[in-house]
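Engineer: Structure for this input, please:
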Amino acid sequence: MKPANLNFISVGSKTFLLGEYAALEQAPALLACTKPRFYLEIKPKSHRYEPHFAQFDLASPAGKYLAKHYQEFKNYELDFFDPHFGKGGLGASGAQFILVYIAHQCTILGKDPKTIPIDLIKNSYLRHAYRGLGKAPSAYDIYAQTLGNLAFIDPQNKLAQTQKWPFDKLAFLLVRTGIKISTHEHLKFIKNINAEPLEKITRFGYNALSKKNARQFIEAVYQYQIALQEQKFTHEKTLQLLKKIRCNRYVHAVKGCGALGADVLLILCDKEKFEDLTNWLNLDGIKIVASSEQLTAGLMIEKSRQAAV
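Structural biologist: Numbering: from 1, shown residues only. Okay, here's the model as predicted:
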C-alpha cells in the first residue's frame, strides 16, 4: 500500500477539568484540549546512517512502540516538538504515543486515519504503558487529545464526545504550579480510590456544562477539589498555592489537575475580570499556560507544519 503523504501530525495539550482519579476506576471525566499543540514531523530518511529516536524515552509508551516497529520506522526521520519543553503535566506522553501510532499506521502503512477507531489507539497505548504495578492509566488523554476541545469520556455509557466551551461570561485559566510529578510512577502506589463521590460531582459538573449553568459548574469544580483533599490526592505544595489563589476576589473556584493536583491548576473567573486576574498571577510569578480561549481541535494530519500547529 502506498504511504500517505501526511508529514505533520499534531494534537493539543490535555488537562483534566473534572474526573481525575475516578477515571482510574472507569468513571466519567471532563478534559480540556488546549493550545499550544504537540507535533510530529515524519519524512523519509535523508542519510544512510541508522535512525536515532533520541527525543523518545525508550521506556515510554511511544518509545516501546517505536522499538517494536523499528524495521518499519528505520527508513524515516521523526522530529517531535513539545511546546512545553519537558515541563510535564499537559499530556506529552499521550501526545507522543498518538503521533507515533498515527505516523506508523497512516504515513508508513498508508491507512486512512478516518478508519482508525480511537479505541484501537487507546488499547495499544495501554499495552505499551502498563507494567502491571499499581493502577493502570485511564488512557482518557488518548480520547481527549484525539477528539479535541472539551472531551467528556464516560466508559460506563460508552460515550466519548466533544464540545466547545459553552459559557459567555465564565472563563478558565490553566496555570503551572512549579511542581513535577511522574504520573506513571505515582500510579504504582495508588491502592484505594473512593470513586463514587468523585463520579457524582463529575456528572453534576458535566450536566451543568450541558445546560450552560455557570454557577453549578463553579460549584462542581469547588466540590471536586474538596473531595480530592478528603482522599489525600493533593500535593502539600499545591494546597498552599490553592489557598493563596483563592484569596483573589476574582477567583470563583480553583483546583489541582491530574496526579496529586500537581503541575497544573484550573482557575475559574469572570471573563470581564480575566485580564485583571492574569496581571495578578503574572506579578506573583505564576505561569499561565492556557485558557478557555485556547481550546483547540483534536488530531490533525497535514502536509505542512503551519497547518498542523
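Engineer: and A171, helix, strand or coil?
Structural biologist: strand (DSSP: H, G, I helix; E, B strand; the rest coil).
Engineer: What segments of the chain are strands?
Structural biologist: Here the chain has its strands, by DSSP state E, at 8-18, 29-44, 76-81, 150-154, 159-163, 170-176, 251-257, 264-270, 288-291, 300-302.
Engineer: of all the ones you listed, which gets the most neighbours per residue?
Structural biologist: Mean neighbour count (mean count of other CB atoms under 10 Å) peaks for strand 8-18 among the strands of the chain, with a mean of 28. Every C-beta, even on glycine, is put in place using the N, C-alpha and C of the backbone.
Engineer: sorry, back to before: need the strands of the chain in a markdown table with mean pLDDT, can you?
Structural biologist: Shown next, in a markdown table, are these (pLDDT from 0 to 100):
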| stretch | mean pLDDT |
| --- | --- |
| strand 8-18 | 96 |
| strand 29-44 | 94 |
| strand 76-81 | 90 |
| strand 150-154 | 98 |
| strand 159-163 | 96 |
| strand 170-176 | 97 |
| strand 251-257 | 97 |
| strand 264-270 | 98 |
| strand 288-291 | 96 |
| strand 300-302 | 86 |
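Engineer: so can I have TSV of these showing distance to L133?
Structural biologist: Converted to TSV, the strands of the chain look like this (distance: least, CB to CB, whole Å):
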stretch	distance to L133
strand 8-18	22
strand 29-44	22
strand 76-81	27
strand 150-154	24
strand 159-163	27
strand 170-176	28
strand 251-257	24
strand 264-270	25
strand 288-291	30
strand 300-302	34
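Engineer: Out of the ones you listed, which is closest to G91?
Structural biologist: strand 8-18 (3.3 Å; CB to CB).
Engineer: which residues of the stretch 1-150 of the chain fall in helices?
Structural biologist: For the stretch 1-150 of the chain, the helices defined by DSSP state H, counting those that start in this stretch cover 61-68, 70-73, 92-102, 118-129, 140-147.
Engineer: Show me how far the shortest one is from its chain's centre.
Structural biologist: Averaged C-alpha coordinates place helix 70-73 at 28 Å from its chain's average position (CA atoms, centre = their mean, to the nearest Å).
Engineer: For it, which outside residues touch it?
Structural biologist: The contact list for helix 70-73, computed with CB atoms under 8 Å, 6 or more residues apart in numbering, reads 51, 53, 66, 104, 108-109.
Engineer: most packed of the helices of the stretch 1-150 of the chain?
Structural biologist: Ranked by mean neighbours (mean count of other CB under 10 Å), the helices of the stretch 1-150 of the chain are led by helix 140-147, with a mean of 28.
Engineer: That helix - contacts with which helices or strands?
Structural biologist: For helix 140-147, the packing partners by 3 or more CB pairs under 8 Å, 6 or more residues apart in numbering; DSSP states H and E come out as strand 8-18, strand 29-44, helix 92-102, helix 118-129, strand 150-154, strand 159-163.
Engineer: Could I get these in CSV, plus columns for distance to Y143?
Structural biologist: Formatted as CSV, the helices and strands packed on helix 140-147 follow (distance: least, CB to CB, whole Å):
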stretch, distance to Y143
strand 8-18, 9
strand 29-44, 8
helix 92-102, 9
helix 118-129, 6
strand 150-154, 5
strand 159-163, 5
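Engineer: nearest to G178, of the ones you listed?
Structural biologist: Nearest to G178, of these and by CB to CB, is strand 8-18 at 16.2 Å.
Engineer: ok now the closest one, how far from the chain's centre?
Structural biologist: Distance of strand 8-18 from its chain centroid, counting by CA atoms, centre = their mean, is 4 Å.
Engineer: could we number from 14 for the rest of this?
Structural biologist: Yes, from this point I'll number from 14; that puts the last item at strand 21-31.
Engineer: returning to what we had before: of the helices and strands packed on helix 153-160, which is nearest K245?
Structural biologist: Here strand 21-31 is closest among those (CB to CB), at 17.4 Å.
Engineer: and stretch 101-120, how far out from the chain's middle?
Structural biologist: 11 Å.
Engineer: just to revisit the earlier point, buried only: go through the contacts of helix 83-86 for me.
Structural biologist: In the contacts of helix 83-86, burial by neighbour count holds for 66, 79, 117, 121, counting by 16 or more other CB atoms under 10 Å.
Engineer: Next, the buried residues of stretch 205-214.
Structural biologist: Buried-residue list, stretch 205-214, by 16+ other CB under 10 Å: 206, 208, 211-214.
Engineer: Tabulate those residues (TSV), appending pLDDT and distance to F165.
Structural biologist: Output for the buried residues of stretch 205-214, formatted as TSV (pLDDT from 0 to 100; distance: CB to CB, whole Å):
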residue	pLDDT	distance to F165
I206	95	20
A208	97	16
L211	98	15
E212	98	13
K213	98	15
I214	98	14
